[in-house]
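Visitor: Predicted model follows, preceded by the sequence.
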Amino acid sequence: MANINLLPWREERRTELNKNFYIATVFLAIVGVASVFALHLQVGAQIESQIQRNNFIVNEQKKIEDKITKIKELKSERAQLESRMNIIQDLQGNRSLVVRLFDEIAQKTPDGVYLKKVNRVGSHFTIEGVAEANSRISSMLRNLDGSDWFKNADLTSVVADENKVTNIFELKVDEEKKKKDKSEPNSSS
(Lines give C-alpha, C1' and ligand atoms only; values in the text may rest on other atoms or scores of the structure.)
Protein backbone atom coordinates (compact mmCIF):
# COMPACT_ATOMS: atom_id res chain seq x y z
CA MET A 1 0.00 0.00 0.00
CA ALA A 2 1.13 3.41 -0.67
CA ASN A 3 2.10 5.76 2.10
CA ILE A 4 -0.33 8.64 2.29
CA ASN A 5 0.60 11.45 4.61
CA LEU A 6 -2.54 13.28 5.92
CA LEU A 7 -0.69 15.65 8.25
CA PRO A 8 0.00 18.42 5.71
CA TRP A 9 -3.65 18.45 4.76
CA ARG A 10 -4.68 18.74 8.36
CA GLU A 11 -2.17 21.45 8.90
CA GLU A 12 -3.37 23.32 5.86
CA ARG A 13 -6.93 22.92 7.10
CA ARG A 14 -5.93 24.14 10.58
CA THR A 15 -4.18 27.12 9.03
CA GLU A 16 -7.27 27.76 6.90
CA LEU A 17 -9.55 27.52 9.96
CA ASN A 18 -7.28 29.82 11.98
CA LYS A 19 -7.24 32.26 9.11
CA ASN A 20 -11.06 32.08 8.86
CA PHE A 21 -11.29 32.46 12.66
CA TYR A 22 -9.14 35.58 12.61
CA ILE A 23 -11.07 37.00 9.68
CA ALA A 24 -14.36 36.24 11.46
CA THR A 25 -12.98 37.74 14.69
CA VAL A 26 -11.82 40.90 12.90
CA PHE A 27 -15.11 41.05 11.00
CA LEU A 28 -17.11 40.63 14.22
CA ALA A 29 -14.90 43.20 15.94
CA ILE A 30 -15.52 45.63 13.07
CA VAL A 31 -19.26 44.86 13.16
CA GLY A 32 -19.23 45.24 16.98
CA VAL A 33 -17.39 48.58 16.80
CA ALA A 34 -19.71 49.72 14.02
CA SER A 35 -22.74 48.58 16.07
CA VAL A 36 -21.45 50.41 19.16
CA PHE A 37 -20.74 53.51 17.06
CA ALA A 38 -24.18 53.33 15.43
CA LEU A 39 -25.78 52.81 18.85
CA HIS A 40 -23.77 55.74 20.20
CA LEU A 41 -24.95 57.92 17.30
CA GLN A 42 -28.56 56.85 17.83
CA VAL A 43 -28.45 57.52 21.59
CA GLY A 44 -26.74 60.86 20.92
CA ALA A 45 -29.47 61.75 18.42
CA GLN A 46 -32.15 60.78 20.93
CA ILE A 47 -30.46 62.84 23.65
CA GLU A 48 -30.19 65.81 21.27
CA SER A 49 -33.86 65.38 20.33
CA GLN A 50 -34.85 65.27 24.01
CA ILE A 51 -32.75 68.37 24.74
CA GLN A 52 -34.54 70.19 21.90
CA ARG A 53 -37.94 69.11 23.27
CA ASN A 54 -36.93 70.23 26.77
CA ASN A 55 -35.76 73.59 25.41
CA PHE A 56 -39.04 73.94 23.51
CA ILE A 57 -41.00 73.21 26.69
CA VAL A 58 -38.89 75.71 28.68
CA ASN A 59 -39.42 78.38 26.01
CA GLU A 60 -43.16 77.73 25.91
CA GLN A 61 -43.25 77.82 29.71
CA LYS A 62 -41.52 81.22 29.66
CA LYS A 63 -44.06 82.46 27.10
CA ILE A 64 -46.91 81.23 29.28
CA GLU A 65 -45.36 82.84 32.38
CA ASP A 66 -45.05 86.12 30.44
CA LYS A 67 -48.70 85.84 29.44
CA ILE A 68 -49.68 85.11 33.05
CA THR A 69 -47.72 88.17 34.17
CA LYS A 70 -49.48 90.28 31.52
CA ILE A 71 -52.84 88.87 32.59
CA LYS A 72 -52.09 89.78 36.21
CA GLU A 73 -51.09 93.28 35.14
CA LEU A 74 -54.26 93.59 33.06
CA LYS A 75 -56.36 92.36 35.98
CA SER A 76 -54.67 94.91 38.23
CA GLU A 77 -55.32 97.67 35.68
CA ARG A 78 -58.90 96.46 35.32
CA ALA A 79 -59.41 96.57 39.08
CA GLN A 80 -58.00 100.11 39.17
CA LEU A 81 -60.23 101.18 36.30
CA GLU A 82 -63.27 99.59 37.92
CA SER A 83 -62.41 101.38 41.15
CA ARG A 84 -62.15 104.68 39.28
CA MET A 85 -65.40 103.97 37.45
CA ASN A 86 -67.14 103.25 40.76
CA ILE A 87 -65.80 106.47 42.24
CA ILE A 88 -66.96 108.42 39.17
CA GLN A 89 -70.37 106.73 39.29
CA ASP A 90 -70.66 107.54 43.00
CA LEU A 91 -69.71 111.14 42.32
CA GLN A 92 -72.20 111.34 39.46
CA GLY A 93 -74.90 109.78 41.62
CA ASN A 94 -74.10 112.04 44.58
CA ARG A 95 -73.85 115.22 42.55
CA SER A 96 -77.48 116.16 43.07
CA LEU A 97 -77.37 114.81 46.62
CA VAL A 98 -74.81 117.39 47.73
CA VAL A 99 -76.98 120.17 46.35
CA ARG A 100 -80.01 118.64 48.06
CA LEU A 101 -78.17 118.42 51.40
CA PHE A 102 -77.04 122.03 51.31
CA ASP A 103 -80.52 123.10 50.22
CA GLU A 104 -81.94 121.17 53.19
CA ILE A 105 -79.52 122.99 55.54
CA ALA A 106 -80.69 126.32 54.08
CA GLN A 107 -84.35 125.34 54.49
CA LYS A 108 -83.86 124.16 58.07
CA THR A 109 -82.08 127.37 59.07
CA PRO A 110 -84.61 129.61 60.90
CA ASP A 111 -84.82 133.40 60.59
CA GLY A 112 -82.29 135.14 62.76
CA VAL A 113 -79.59 132.49 62.18
CA TYR A 114 -76.77 133.25 59.77
CA LEU A 115 -74.32 130.60 58.68
CA LYS A 116 -70.65 131.54 58.41
CA LYS A 117 -69.17 128.19 57.50
CA VAL A 118 -70.43 124.76 56.49
CA ASN A 119 -67.79 122.05 56.31
CA ARG A 120 -68.42 118.51 55.10
CA VAL A 121 -66.07 115.60 55.78
CA GLY A 122 -67.50 112.33 54.52
CA SER A 123 -71.03 112.20 55.93
CA HIS A 124 -70.32 114.60 58.83
CA PHE A 125 -71.18 118.28 58.63
CA THR A 126 -69.78 121.00 60.86
CA ILE A 127 -71.83 124.19 60.78
CA GLU A 128 -70.61 127.48 62.24
CA GLY A 129 -72.86 130.50 62.43
CA VAL A 130 -74.30 133.45 64.32
CA ALA A 131 -77.76 133.52 65.91
CA GLU A 132 -79.74 136.36 67.46
CA ALA A 133 -80.88 134.16 70.32
CA ASN A 134 -80.30 130.73 71.83
CA SER A 135 -83.87 129.78 70.98
CA ARG A 136 -83.07 130.16 67.28
CA ILE A 137 -80.12 127.75 67.65
CA SER A 138 -82.40 125.26 69.44
CA SER A 139 -84.94 125.62 66.67
CA MET A 140 -82.28 124.87 64.08
CA LEU A 141 -81.17 121.75 65.98
CA ARG A 142 -84.78 120.51 66.17
CA ASN A 143 -85.26 121.22 62.46
CA LEU A 144 -82.12 119.28 61.52
CA ASP A 145 -83.08 116.34 63.77
CA GLY A 146 -86.54 116.27 62.21
CA SER A 147 -85.13 116.27 58.68
CA ASP A 148 -85.17 113.17 56.52
CA TRP A 149 -81.65 114.01 55.41
CA PHE A 150 -79.84 114.52 58.72
CA LYS A 151 -79.45 112.80 62.08
CA ASN A 152 -77.56 113.25 65.34
CA ALA A 153 -77.59 117.05 65.40
CA ASP A 154 -75.34 118.09 68.27
CA LEU A 155 -74.48 121.56 69.50
CA THR A 156 -70.74 121.74 70.07
CA SER A 157 -70.36 125.27 71.41
CA VAL A 158 -72.23 128.54 71.93
CA VAL A 159 -70.33 131.73 72.72
CA ALA A 160 -71.79 135.22 73.18
CA ASP A 161 -70.05 137.78 71.01
CA GLU A 162 -68.38 140.92 72.38
CA ASN A 163 -71.56 143.03 72.33
CA LYS A 164 -73.66 140.18 73.80
CA VAL A 165 -76.18 140.85 71.06
CA THR A 166 -75.60 137.64 69.13
CA ASN A 167 -74.39 134.14 69.87
CA ILE A 168 -71.67 132.41 67.85
CA PHE A 169 -72.34 128.69 67.64
CA GLU A 170 -70.92 125.50 66.20
CA LEU A 171 -72.90 122.35 65.65
CA LYS A 172 -72.30 118.97 64.12
CA VAL A 173 -74.76 116.85 62.21
CA ASP A 174 -74.52 113.57 60.30
CA GLU A 175 -75.96 112.81 56.91
CA GLU A 176 -78.72 110.20 56.95
CA LYS A 177 -77.34 107.47 54.65
CA LYS A 178 -80.52 105.51 54.04
CA LYS A 179 -82.37 108.60 52.83
CA LYS A 180 -80.18 109.00 49.74
CA ASP A 181 -82.82 107.30 47.62
CA LYS A 182 -85.05 110.34 48.07
CA SER A 183 -82.51 112.56 46.31
CA GLU A 184 -84.11 111.72 43.01
CA PRO A 185 -87.88 111.80 43.50
CA ASN A 186 -88.51 111.51 39.76
CA SER A 187 -86.48 108.31 39.36
CA SER A 188 -89.56 106.09 39.68
CA SER A 189 -91.49 107.92 36.95
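Guide: Looks like it came in fine.

Visitor: What average pLDDT does the host helix or strand of Gln52 get?
Guide: Assigned by DSSP states H and E, Gln52 falls within helix 7-108. The average pLDDT within helix 7-108 is 91.

Visitor: Stretch 173-189 now?
Guide: 56.

Visitor: got it, and stretch 146-161?
Guide: Mean pLDDT, computed over stretch 146-161, is 84.

Visitor: Now do the helix holding Gln52: distance to the chain's middle.
Guide: Centroid separation for helix 7-108 versus its chain: 27 Å, with C-alpha atoms, centre = their mean, to the nearest Å.

Visitor: what packs against the helix or strand following it?
Guide: Proceeding N to C from helix 7-108, the next assigned helix or strand is strand 113-121, under DSSP H and E. The contact analysis (3 or more C-beta pairs under 8 Å, 6 or more residues apart in numbering; DSSP states H and E) places strand 113-121 against helix 7-108, strand 124-131, helix 134-146. In this view, the C-beta of every residue, glycine as well, is placed from N, C-alpha and C.

Visitor: Sheet partners, orientation included, of the second one?
Guide: For strand 124-131, sheet partners with direction are given as strand 113-121 (antiparallel), strand 167-175 (antiparallel), following DSSP bridges.

Visitor: Could you check how far the residue nearest in space to the middle of the chain is from Val26?
Guide: With distances taken as C-alpha atoms, centre = their mean, Ser76 lies nearest the centre of the chain, 3.7 Å away. Ser76 sits 74 Å away from Val26, going by C-beta to C-beta, to the nearest Å.
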